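J.: below is the sequence, then the predicted model.
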Amino acid sequence: MPRLLSAKVAAFLIFLLVLDLSIFPSLLGTVRPVALYLFVVYVAFEWHWSKTLLAAVMVGLLRDAMTLQPFGVETAALFLTTLGLNVYVQKISSNSWMGKWIGTFIFVQSVFLLVGILTHIANQTVVFSWVQMRMALWISFWTAGFMPVFFFLANRWFKKDFYISRYPYA
């Protein structure tokens, strides 16, 4: 479990930002998984829930800098929704893939709905419509579906071992 303010985590976040802004849109179109949200979920489930709030602020600031919404909306939505994710992670078994899938789906759906509400409050000309809600539902579904692949790749990036070494102290 690396520190959140390390070069390895920063490089991974930049990789995810490039993935979110260039590779996923060109391959999948408008309805695509959000890899940066999956990083927050990964930190909550695989590292420790206490590191999740800092990860949410880091991801929120990255997404705020790259979107057209009022600055701080994404960070506030991620921070508030991560509080609920922390409660969820503490209540379920972290080894259950179905629990992780449901938690990811609810987390991403909640972030998108809260971003829509906060954007509407900050900018009264933005209309929060059923089309946006349906798109948020599909993005949440695809993000939760991409979660096992993301967890595998993140475990490889951060070198989390899945096996017990024969010689643990060698």
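T.: Nice, I can see it. Numbering: from 1, shown residues only.

J.: grab the most central residue of the protein for me.
T.: By Cα atoms, centre = their mean, the chain has its centre lying nearest to Y37, at 1.4 Å.

J.: any idea how far it is from T125?
T.: From Y37 across to T125, the span is 26 Å (Cβ to Cβ, to the nearest Å). Where you see a C-beta, it was placed from the backbone N, CA and C, and this is true even at glycine.

J.: ok, L21 - contacts?
T.: Contact partners of L21, counting by Cβ atoms under 8 Å, 6 or more residues apart in numbering, are M66.

J.: mind listing the helices for this protein?
T.: Per DSSP state H, the chain carries helices over the ranges 7-18, 24-28, 35-42, 52-66, 73-91, 97-122, 130-157.

J.: would you turn the ones you listed into TSV with mean pLDDT?
T.: Shown next, in TSV, are the helices of the chain (pLDDT from 0 to 100):
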stretch	mean pLDDT
helix 7-18	89
helix 24-28	71
helix 35-42	94
helix 52-66	93
helix 73-91	94
helix 97-122	92
helix 130-157	90
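
J.: among those helices, which is the most enclosed?
T.: Greatest average neighbour count among the helices of the chain goes to helix 35-42 (a mean of 25), per mean count of other Cβ atoms under 10 Å.

J.: what helices or strands is that one leaning on?
T.: In this structure, helix 35-42 makes packing contacts with helix 7-18, helix 52-66, helix 73-91, helix 97-122, helix 130-157, judged by 3 or more Cβ pairs under 8 Å, 6 or more residues apart in numbering; DSSP states H and E.

J.: for the second one, what is the distance to the chain centroid?
T.: Going back to what we said before, that points to helix 52-66. Its chain's C-alpha centre and that of helix 52-66 lie 9 Å apart, by Cα atoms, centre = their mean, to the nearest Å.

J.: still on that earlier bit, residue contacts, the closest residue to the residue nearest to the centre of the chain other than its chain neighbours?
T.: Here the nearest residue to Y37 in space, its sequence neighbours aside, is V108; by Cβ to Cβ, 6 or more residues apart in numbering that works out to 5.3 Å. Counting by Cβ under 8 Å, 6+ apart, V108 touches 34, 37, 136, 139-140, 143-144.

J.: between those, which is nearest L13?
T.: Nearest to L13 among these is Y37, at 12.1 Å by Cβ to Cβ.

J.: surely that closest one and L62 touch.
T.: No: contact criterion Cβ atoms under 8 Å: Y37 and L62 do not qualify, at 11.2 Å.
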